[in-house]
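Undergrad: Provide a 3D model corresponding to the input given below.
(chains A and B)
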2 protein chains.
Amino acid sequence: MSGRLTIVGLGPGDDKYLTPEARAALDAADALYGYGPYLDRVPQREGQIRHASGNRVEGMRAREALNEAAAGAHVAMVSGGDPGVFAMASAVCEEIEQGLEAWRDLDIVVVPGITAMLAVAARAGAPLGHDFCAISLSDNLKSWDLIERRLDAAAGAGFVIALYNPISKARPWQLGHAFMRLAQHLPATTPVVFGRAVGRADEAVIVTTLDKANEVTADMATLVIVGSPETRVIPRNGKTPLVYTPRVAAKVTA
Amino acid sequence: MSGRLTIVGLGPGDDKYLTPEARAALDAADALYGYGPYLDRVPQREGQIRHASGNRVEGMRAREALNEAAAGAHVAMVSGGDPGVFAMASAVCEEIEQGLEAWRDLDIVVVPGITAMLAVAARAGAPLGHDFCAISLSDNLKSWDLIERRLDAAAGAGFVIALYNPISKARPWQLGHAFMRLAQHLPATTPVVFGRAVGRADEAVIVTTLDKANEVTADMATLVIVGSPETRVIPRNGKTPLVYTPRVAAKVTA
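TA: Below is the predicted model of the structure:
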């Protein structure tokens, strides 16, 4: 039997986002690997073995899953959101490139999922409606200087910006510094959307402006979208406003 | 009865990408609006009315759907991929902002979907594994100068770049010009992924390099991902190579 490793995106924290492809891949696996809280979202199935691990051991988790697949098993690695966006698919590829030759012979399948910025954008309206970028604010794996350079480049060229991993206990100041940096390029009135735990019972979506963004509390489960100079807010009576970026780039000219 | 407009992302061209949330929204609608080929992907249901339209009448389609919702119907607008990424959600918001006051009182719900860059990235490995951006190459609604400025900013700061709407009969030269522009910033060996019709019978994924990207044929159904200087290719015996961008930014320094 030839081994297979399927890296499965669960989407945000509710089964309504789980695609049929992802569900089938989870059901077909002999063994599941993943960060504990993600594994907890997958229904138990008899005969299927689970290997839960912490959220800072991606490399080790990937190597263990590759080893089991190389022994002939059908292994699924679960990932929140989309596995290709700041998640497990890159970690697995890193280990394949640096690891055993046999790992290159495995069937490697990536099953896409709804990534956080799409779910948060949907809740707010259409803030990603024009050119946009995604930046991880974690400076564990890159320098803060590089992050600032990317914030400058993105804001200066009129991209809407989705900020992943905005804050954690070990990284308390980065999000505030990012807002200050972006304020050098963008109007104080630029819309900012905070989306936390979308699809879960404790979901919270907050719309504010760049000059007040520091007043909103964020955590590891938060995804932040900072608009471009084109992004607009439509107020509505008794309803949350709609935030969107028009398809026409009228203000930003070359 | 209060009206509702739900803008539903179908994902790429196969039902395996259709989320349970999207399926439920389609089933609950009294009327469906959308570009003909997208509507054709939704199973017929008795009593549900369909309004198919061409691919260049987004504004008119949005106004018709809003009018029917304002009359009390539950209307679904279908969109390929994710409705918030170069698709119908922005078009609907534009019409709401400029249109009848009553449209602001409607329940507007956006149901996210798997957007093309996530599906193509999954097929290739994990090319979007680090900071990335999405740029539409259509210069119908923005100037080509602005597109070039964004290509410069993104490549210069080390973003992986997903190119939507790379080419059409009316826009035959833009993709080639984009590759030439990017070549001013990126090594000739930068990996480039062409993904066409992912999830459909005629799916094709091609991995090449920036200096040879012009030799690959693209069309309206193609999504192109241009790597960063960090993006790597893992060759494999008898299998398609894996393309991925490591989580660590080693080469690009501030």
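Undergrad: When you work out contacts or count neighbours from here on, use the C-alpha atoms and nothing else.
TA: OK.
Undergrad: Now do the helices in the stretch 1-150 of chain A.
TA: Taking DSSP state H, counting those that start in this stretch to define them, one finds helices in the stretch 1-150 of chain A at A:20-28, A:36-39, A:58-70, A:88-98, A:116-124, A:144-156.
Undergrad: Taking helix A:88-98 as reference, get the angle to the third one.
TA: The directions of helix A:58-70 and helix A:88-98 differ by 70 degrees, with axes from the mean of the first three to the mean of the last three Cα atoms, to 10 degrees as the criterion.
Undergrad: Same question for helix A:58-70: list its buried residues.
TA: A:58, A:59, A:61, A:62, A:63, A:65, A:66, A:67, A:68, A:69, A:70 (16 or more other Cα atoms under 10 Å in any protein chain shown).
Undergrad: Could you list the low-confidence segments of the stretch 151-254 of chain A?
TA: A:250-254 (pLDDT under 70).
Undergrad: which parts of it sit against chain B?
TA: A:153-154, A:157-159, A:234, A:236-237, A:239, A:242, A:244-250, A:252-254 (Cα under 8 Å from any Cα of the partner chain).
Undergrad: If we use 10 Å, what do you get?
TA: Applying Cα under 10 Å from any Cα of the partner chain, we find that the stretch 151-254 of chain A lies next to chain B at A:151-164, A:232-239, A:241-250, A:252-254.
Undergrad: Of the residues you listed, just the buried ones, PyMOL syntax please.
TA: The PyMOL command for the buried members of those (criterion: 16+ other Cα under 10 Å) is given here:
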select buried, chain A and resi 151+152+153+154+155+156+157+158+159+160+161+162+163+164+232+233+234+241+242+243+244+245+246+247+248+249
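Undergrad: Which ones among the residues of the stretch 151-254 of chain A next to chain B map onto strands?
TA: A:160-164, A:232-236, A:239, A:241-244 (DSSP state E).
Undergrad: of all those residues, which two lie farthest apart?
TA: A:164 and A:236 (28.4 Å; Cα to Cα).
Undergrad: tell me the contacts of residue A:228?
TA: A:127-128, A:130-132, A:154-161, A:185-187, A:190-192, A:245, A:252 (Cα atoms under 10 Å, 6 or more residues apart in numbering or on different chains).
Undergrad: Indicate the residue of chain A located nearest to chain B.
TA: Relative to chain B, the nearest point of chain A is residue A:133 (3.8 Å; Cα to the nearest Cα).
Undergrad: burial of that residue, as a residue count?
TA: 25 (other Cα atoms under 10 Å in any protein chain shown).
Undergrad: who touches the closest residue to residue A:225 other than its chain neighbours in this structure?
TA: In space, and not counting its chain neighbours, residue A:225 is closest to residue A:162: 4.4 Å by Cα to Cα, 6 or more residues apart in numbering or on different chains. Applying Cα under 10 Å, 6+ apart to residue A:162 gives the contacts A:116-118, A:120-121, A:127-128, A:132-137, A:192-193, A:223-227, B:133.
Undergrad: picking up where we left off before, save the helices of the stretch 1-150 of chain A as a markdown table, and put in distance to residue A:78 too.
TA: Shown next, in a markdown table, are the helices of the stretch 1-150 of chain A (distance: least, Cα to Cα, whole Å):
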| stretch | distance to residue A:78 |
| --- | --- |
| helix A:20-28 | 8 |
| helix A:36-39 | 7 |
| helix A:58-70 | 11 |
| helix A:88-98 | 8 |
| helix A:116-124 | 15 |
| helix A:144-156 | 28 |
